[in-house]
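Asks: this is a predicted model, with the sequence first.
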There are 2 protein chains.
Amino acid sequence: MHNHHHSEDHLESSEFITDIVIGMSDGLTVPFALAAGLSGAVSSNTIIITAGIAEIVAGSIAMGLGGYLAGKTEIEHYQSELKREYLEVEEKPEAEKQEIRDVFADYGLSLETQNLIADEMAKDKDKWVQFMMKYELGLDEPHVNRARNSAATIGISYVIGGLIPLSAYLFTENPHSGLLVSVALTVICLFVFGFFKSKVTGQPPLAGALKVTFIGITAAAAAYLVAKSFDHLF
Amino acid sequence: MHNHHHSEDHLESSEFITDIVIGMSDGLTVPFALAAGLSGAVSSNTIIITAGIAEIVAGSIAMGLGGYLAGKTEIEHYQSELKREYLEVEEKPEAEKQEIRDVFADYGLSLETQNLIADEMAKDKDKWVQFMMKYELGLDEPHVNRARNSAATIGISYVIGGLIPLSAYLFTENPHSGLLVSVALTVICLFVFGFFKSKVTGQPPLAGALKVTFIGITAAAAAYLVAKSFDHLF
């Protein structure tokens, strides 16, 4: 696998950025919308900040711990499929060779070439299994440190993202002015972050920035309207 | 692609279940933890319910709309790579044929077989491009309806999951008893849901049930402690 070193480095850095993007986009959006929603229904900044802090703690743990356990599950799944594939290659090599042929029959290769590929591939069991893992099952080997790194990155990104909209309520007197500052601050951050996110994922940056901002504003507006009308019931 | 019909059906149903799992697990966890956190810091169920409703609206829109736009991005990305691959096959066929050979050189196939594969594959441009998309770029064709379905499924699952822990505060007198009922109710649901989730994703059900329950309890306990100590500052 030494010849894949470069592409794995690339993969690792893009997964790191993906984790930041996942954590920060949710971190900016949900605490922002929650605080906006409460701004229409309660009269004290303290309640909004308390609820926001509780949400940031809950959300970062749910996403971070969730990411960690999902990563561990991915590794376990890969290992168990790898073991099964080695067993199948050992116990029913003819069926496994037929699976190689089937892959290439789908691409219109002649029977002669299919046989050649299957026979040559079967000479090296490790490469054979490697091929079946990737091309039959579509599984890439997960990084062992990935689960732990992913959890920390997503959790921390969520906290940083969430503190931005909430900070507005620390420096204002009432929920109404807190909301105005929070909206202004967060919309700018959503736009800048959306722009950056789209750049690193190779999408058109302006359209991406508008998308991310649109999600945040929609969530905040809906939460505001629902919380306000709900609060009138009491 | 008609011969892939069965596996695509399977994929579609597993993506639907994955969406439910994503939406409900976050829906159960975050509003539960937020409500638990507020239970240690405020004195009225109304505030907890209002905050919980605002969170459910915000979270379901962020996840649902986020899922929708992510699905659309996936389709756009596939289409643009497909276009580029057709262009490359047309404009620099030799380089693309070399890329086919490189794939099989990595698996230890002889130069003769590599040439045979490349020559036969190049006879049908559609299959050639299909091969490059899947084996060079690792991209599967996304479903066109996937983005819309995914958004609706994740959003609705989040709302249903979130209403369970919150319902406890509707039928109790104060945050303290609300918290007790909510914890009992939600822990049962997290366990049952975790069990079901693990079954459909092929993991050991008991371990999976314990994992999901553990995430929820950890998030709720952390939110409770942080909100309580934070509230003392005011």
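Replies: Structure's in. What do you need? Numbering: from 1, shown residues only, chains lettered A, B, ... in the order given.
Asks: hmm, the longest helix seen in chain A in reach of chain B?
Replies: As assigned by DSSP state H, the longest helix anywhere in chain A is helix A:45-91. Yes - with C-beta under 8 Å from any C-beta of the partner chain as the criterion, chain B is reached by helix A:45-91 at A:46-47, A:49-51, A:53-55, A:57-59, A:61-62, A:65-66, A:69, A:73, A:76-77. (Each C-beta comes from the backbone N, C-alpha and C, glycine too.)
Asks: which secondary structure elements does that helix contact?
Replies: helix A:5-39, helix A:93-105, helix A:125-131, helix A:146-167, helix A:175-200, helix B:5-39, helix B:45-91, helix B:205-231 (3 or more C-beta pairs under 8 Å, 6 or more residues apart in numbering or on different chains; DSSP states H and E).
Asks: now it: how far from the chain's centre is it?
Replies: Counting by C-alpha atoms, centre = their mean, to the nearest Å, helix A:45-91 is centred 10 Å from the centre of its parent chain.
Asks: who does the helix or strand of chain A with the lowest mean pLDDT touch, helix- and strand-wise?
Replies: In chain A, no helix or strand scores lower on mean pLDDT, DSSP states H and E than helix A:5-39, which sits at a mean of 74. Contacts defined by 3+ C-beta pairs under 8 Å, 6+ apart place helix A:5-39 against helix A:45-91, helix A:146-167, helix A:175-200, helix A:205-231, helix B:45-91.
Asks: which among those is found nearest to residue B:39?
Replies: Among the helices and strands packed on helix A:5-39, helix B:45-91 comes nearest to residue B:39, with 6.5 Å by C-beta to C-beta.
Asks: average pLDDT across that closest one?
Replies: Averaged across helix B:45-91, pLDDT comes to 87.
Asks: only the buried residues of stretch A:139-150, if you could.
Replies: Buried residues in stretch A:139-150, counted by 16 or more other C-beta atoms under 10 Å in any protein chain shown: A:139, A:142, A:143, A:146, A:147, A:149, A:150.
Asks: which other residues reach that stretch?
Replies: A:1, A:8, A:12, A:15-16, A:19, A:67-72, A:74-75, A:77-78, A:81, A:133-134, B:138 (C-beta atoms under 8 Å, 6 or more residues apart in numbering or on different chains).
Asks: span of that stretch from start to end?
Replies: Start and end residues of stretch A:139-150 are separated by 19 Å (C-alpha to C-alpha, to the nearest Å).
Asks: does the closest residue to residue A:74 other than its chain neighbours count as helix, strand or coil?
Replies: Counting by C-beta to C-beta, 6 or more residues apart in numbering or on different chains, residue A:142 is the residue found nearest to residue A:74 once chain neighbours are left out, at 4.9 Å. Three-state assignment for residue A:142 (DSSP: H, G, I helix; E, B strand; the rest coil): coil.
Asks: relative to chain B, how far out is residue A:94?
Replies: Distance of residue A:94 to chain B, computed by C-beta to the nearest C-beta, to the nearest Å: 19 Å.
Asks: what's the answer for residue A:180, then?
Replies: When residue A:180 is compared with chain B (using C-beta to the nearest C-beta), they lie 18 Å apart.
Asks: before we move on, back to that, name the residues of the least confident helix or strand of chain A that are buried.
Replies: A:15, A:18-39.
Asks: ok, now stretch A:112-127?
Replies: Counting neighbours by 16+ other C-beta under 10 Å, stretch A:112-127 gives A:113, A:114, A:116, A:117, A:118, A:120, A:121, A:122, A:127 as buried.
Asks: how about stretch A:70-87: buried residues?
Replies: A:71, A:72, A:73, A:74, A:77, A:78, A:81, A:82, A:85, A:86.
Asks: closest to residue B:199 among the residues you listed?
Replies: Among the buried residues of stretch A:70-87, and counting by C-beta to C-beta, the member closest to residue B:199 is residue A:73, at 13.5 Å.
Asks: these two touch, right, the closest one and residue B:203?
Replies: Yes - counting by C-beta atoms under 8 Å, residue A:73 touches residue B:203, with 6.2 Å between them.
Asks: in TSV, list the helices and strands packed on helix A:5-39 along with distance to residue B:187.
Replies: As requested, the helices and strands packed on helix A:5-39 are exported to TSV (distance: least, C-beta to C-beta, whole Å):
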stretch	distance to residue B:187
helix A:45-91	15
helix A:146-167	22
helix A:175-200	33
helix A:205-231	26
helix B:45-91	17
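Asks: residue B:218: which of those helices is closest?
Replies: So among those, helix A:45-91 is nearest, using C-beta to C-beta, at 5.8 Å.
Asks: now that closest one against helix A:5-39, angle please.
Replies: 150 degrees (axes from the mean of the first three to the mean of the last three C-alpha atoms, to 10 degrees).
Asks: how far off helix A:93-105 does helix A:45-91 point, in degrees?
Replies: Going by the same axes, to 10 degrees, helix A:45-91 makes 120 degrees with helix A:93-105.
Asks: give me the angle between helix A:45-91 and helix A:175-200.
Replies: Computed by the same axes, to 10 degrees, the angle between helix A:45-91 and helix A:175-200 is 30 degrees.
Asks: for stretch A:36-54, buried residues please.
Replies: A:36-42, A:45, A:47-54.
Asks: before we move on, back to that, closest to residue A:214 out of the buried residues of stretch A:70-87?
Replies: Scanning the buried residues of stretch A:70-87 for proximity to residue A:214, where the rule is C-beta to C-beta, the winner is residue A:71, at 30.1 Å.
Asks: any idea how far the closest residue to that closest one other than its chain neighbours lies from residue A:63?
Replies: Spatial nearest neighbour of residue A:71, chain neighbours left out: residue A:147 (2.7 Å); criterion: C-beta to C-beta, 6+ apart. Residue A:147 is 13 Å from residue A:63, where distance means C-beta to C-beta, to the nearest Å.
Asks: please report phi then psi for residue A:142.
Replies: Residue A:142 adopts backbone torsions of phi -80, psi 150, taken as degrees, to the nearest 10.
Asks: ok, it to chain B distance?
Replies: With C-beta to the nearest C-beta as the criterion, residue A:142 and chain B are 14 Å apart.
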